[in-house]
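Q: pasted the sequence and its predicted model underneath.
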Amino acid sequence: MSWQVYRRSIKKKRSMHIGVVGKINTLVNKVLEPLHPHVEEHQPKNIKHLSHTFSREKQHLVFYKYQPIGLVRKYFGEKIGLYFAWLGLYTQMLIPASLVGVFVFLYGCATVDDNIPSMEICHPKNNITMCPLCDRVCSYWKLSTACATARASHLFDNPATVFFSIFMALWAAMFMENWKRRQMRLNYEWDLTGFEDEEDHPRAEYEFRVMQKSLCKDQKSQQKVIMPVEKLTYRDRLPAYMTNIVMMLLMIGVTFAIVFGVILYRISTKAALHMSSNPITRNHVQLTVKTTAAIINLVVILILDEVYGAVARWLTVLEVPKTDKSFEERLIFKTFILKFFNAFTPIIYIAFFRGRLVGRPGSYLYVFESYRMEECAHGGCLMELCIQLSITMLGKQLIQNNLFEIGIPKLKKLIRYIRSKQGAFQEEERQKKLQRYETDHFLEPFAGLTPEYMEMIIQFGFVTLFVASFPLAPLFALLNNIIEIRLDAKKFVTELRRPVAARAKDIGIWYNILRGVAKVAVIINAFVISFTSDFIPRMVYQYMYSPDGSMHGFVNHTLSYFNVSHFQDGKETMDPLHLGYSIEICRYKDYREPPWSATPYEISKEFWAVLAVRLAFVIVFQNVVMLMSDIVDWIIPDIPKDISLQIHKEKILLVDLFMKEEQGKVYILESRPSAGGTEKCSRSNNSNSTVAHPHSGLHTNNNKNL
């Protein structure tokens, strides 16, 4: 029994010793390990999770719920809160634009069977023979084969298009005014009415360049005292400015070169498909070439967007802006210019240049002496413009704005997590549950709001600039933005590190860019209606040349005659009997004199009449729409009435408070003289007492004080 008791005591002492040593080791580890924030795992149930009300992760069917802008502002700061408020208002304003756009499209669908020009083209007895669309490999063709294109063009080229263009110009003005009102309300609610941007401190790169300049100046003057230079002058930045100009022009030139390459692709592919032995391939040449060229343009745009973003940042760094605000504004301006040209150059070419630099049969315009410039389909270039615009817009929204929005941050997060696991961690540490700050480390760093604003501004350009050719653009933008808001919310809450909260009272330079795009949209839509669509030629024919005031005979009026014997040597078709009979006269779309006139193939007077009406329409449309936009701007006040009344009441209260304070000060000043008189009397008594005792020490001290 004694031996067992002895063993028990030994075990007890050992366990006590191990427990003491373990506690000491734990205490030492706690002292030596770095400080970590203490976050409770089980938070109170009454706390509202931002992800639930903001990103709606598990409630996708309630996408119509408003965003919790107040919670977003409290968590992320005013700058990010204003972005989501702007995005929400923009999405909300797209609802009426989408409804009107759908109405215009349905109007085109309802009136397509009553459209006289398309009926004339599709009529089975139509025996108009058209000239070949390309040299040698293309043959003569019947105008009735363009029936589907003509009917489809009417869906987007009808009288309602003009109304929709005016409506969208006024819509843009109303959107800008409503945002100013919304921004003013948020400024009042967030106590930003008197907020002024603090003066930014100079960037470290700027101060380093200033120090380098001062050192170089000191070495040249051989002085021992270094005199600091206050700022970099224009002469110091001149090389950077020249580099910026050259590189910007070079990047825009690259965009033009790629568009020109796609043009050559279309021309060569069209000729190659016409040589195919498959009749189905030959019948769908136009659709195949248009679609594949639009997809190639989309891929190039997506690639160049990333390249241009990096180039714009590099050029901005070369300029060495003084403050962060100046750096951000210059970066935004360069990025917008490059991405705007990248996205809209192919569309601008189709809208304003394609089909106008062709020439005529027998005197076509060639590139590299072998590639003939491409023509528009008989229904006009508006259908091709619609295809290019829709593929570019939908592709950018689906791939760049949505897929890349979540996919790239998740991929980078996975890569960082894998790299961290490849470090020298012990196996037991790998099995530990990561702390919150360790989990946040694997998230994507916040790169600013510039990419978010940029994709929405480009979308705003698609919605407003060429909306005359694609009335369904606001609808697709609305559907995209409904998803975009929730994806942005999920990205900010779960995929990005929490940014440092920053105060701001407006959206900055983006508002000026929006106003600029809205102004340019009026001009571009005027030119699209006037020069790209057939709206003006139809009106001119109906009111000037139609014998009965109807559209009957419009198609024949717009087609000129050409004698096939006047083809250049080597340019005539290799299959002149493709239609089963020989052709002597073919037709082509233009306003030119017939070959039997005194001035064959010269521009006719109808061309000049149509051109004059087109230019007049551009001037009238632009001035009327801009005047209406200014009226909308003048009618809608920038400050909501309730906010202005509340601010007025607060000013009255402040004035009353100020007046009460002033009255109190006046009362105090008026009560001071009596107190001053008693004080003087007491001082005089003290002076008399000192005089009565001349031998005291106070006499000398009072004299000194006096």
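A: Received, thanks. Numbering: from 1, shown residues only.

Q: backbone phi and psi for the nearest residue to residue 143 once chain neighbours are set aside, please?
A: Closest residue to residue 143 apart from its sequence neighbours, by C-beta to C-beta, 6 or more residues apart in numbering: residue 128 at 4.2 Å. Yep, even glycine has a C-beta here, placed from its N, CA and C like the rest. When read as degrees, to the nearest 10, the backbone of residue 128 gives phi -80, psi 120.

Q: and for the one 10 residues further on?
A: Geometry field for residue 138 lists phi and psi as phi -90, psi 150, criterion degrees, to the nearest 10.

Q: on the pLDDT front, check it for me.
A: With respect to pLDDT, residue 138 scores 80.

Q: can you check residue 515 too?
A: pLDDT, residue 515: 90.

Q: so how far is residue 291 from it?
A: Using C-beta to C-beta, to the nearest Å, residue 515 is found at 35 Å from residue 291.

Q: go on, residue 670?
A: 89 Å.

Q: more neighbours: which of the two?
A: Higher neighbour count among residue 670 and residue 291: residue 291, with 14 against 9, using other C-beta atoms under 10 Å.

Q: so which helix or strand takes in the most centrally placed residue in the chain?
A: Most central in the chain under C-alpha atoms, centre = their mean is residue 457, positioned 1.9 Å from the mean C-alpha point. Assigned by DSSP states H and E, residue 457 falls within helix 450-464.

Q: hmm, who's touching that helix?
A: Helix 450-464 is contacted by residues 83, 87, 90, 94, 97, 168-169, 172, 309, 328, 331-332, 335-336, 339-340, 343-344, 389, 392-393, 396-397, 400-401, 473-474, 477, 480-481, 484, 488, 507, 510, 513-514, 517-518, 521, 525 when judged by C-beta atoms under 8 Å, 6 or more residues apart in numbering.

Q: again with stretch 71-83
A: 48, 50, 53-54, 69, 84, 183, 186, 190, 192, 449, 452-453, 492, 498-507.

Q: what are the buried residues along it?
A: Neighbour counts over stretch 71-83 (16 or more other C-beta atoms under 10 Å) mark 72-73, 75-83 as buried.

Q: buried stuff in the helix or strand hosting residue 214?
A: Here residue 214 sits within helix 204-221, counting by DSSP H and E. Going by neighbour count (16+ other C-beta under 10 Å), the buried part of helix 204-221 is 206, 209-210, 213, 218.

Q: residue 466: which of those is nearest?
A: residue 206 (40.9 Å; C-beta to C-beta).

Q: how near is that closest one to residue 213?
A: For residue 206, the distance to residue 213 - C-beta to C-beta - is 11 Å.

Q: hey, what's in contact with both of the two?
A: What both residue 206 and residue 213 touch, as defined by C-beta under 8 Å, 6+ apart, is the set residue 232.

Q: per-residue confidence at residue 696?
A: 37.

Q: ok, now residue 53?
A: On the pLDDT scale, residue 53 gets 63.

Q: what residues are up against residue 566?
A: So residue 566 contacts 361-362, 595 (C-beta under 8 Å, 6+ apart).

Q: just to revisit the earlier point, what's the following helix or strand after the helix holding residue 457?
A: helix 473-490.

Q: give me the helices and strands touching that following helix, please.
A: Under the contact criterion of 3 or more C-beta pairs under 8 Å, 6 or more residues apart in numbering; DSSP states H and E, helix 473-490 touches helix 50-54, helix 78-111, helix 382-395, helix 404-421, helix 450-464.

Q: contact partners of stretch 329-349?
A: Applying C-beta under 8 Å, 6+ apart, the contact partners of stretch 329-349 are 244, 248, 251-252, 255-256, 259, 262-263, 297, 301, 304-305, 308-309, 311-313, 315-316, 319, 321, 385, 388-389, 392, 396, 450, 453-454, 457-458, 461-462, 465-466, 508-510, 513.
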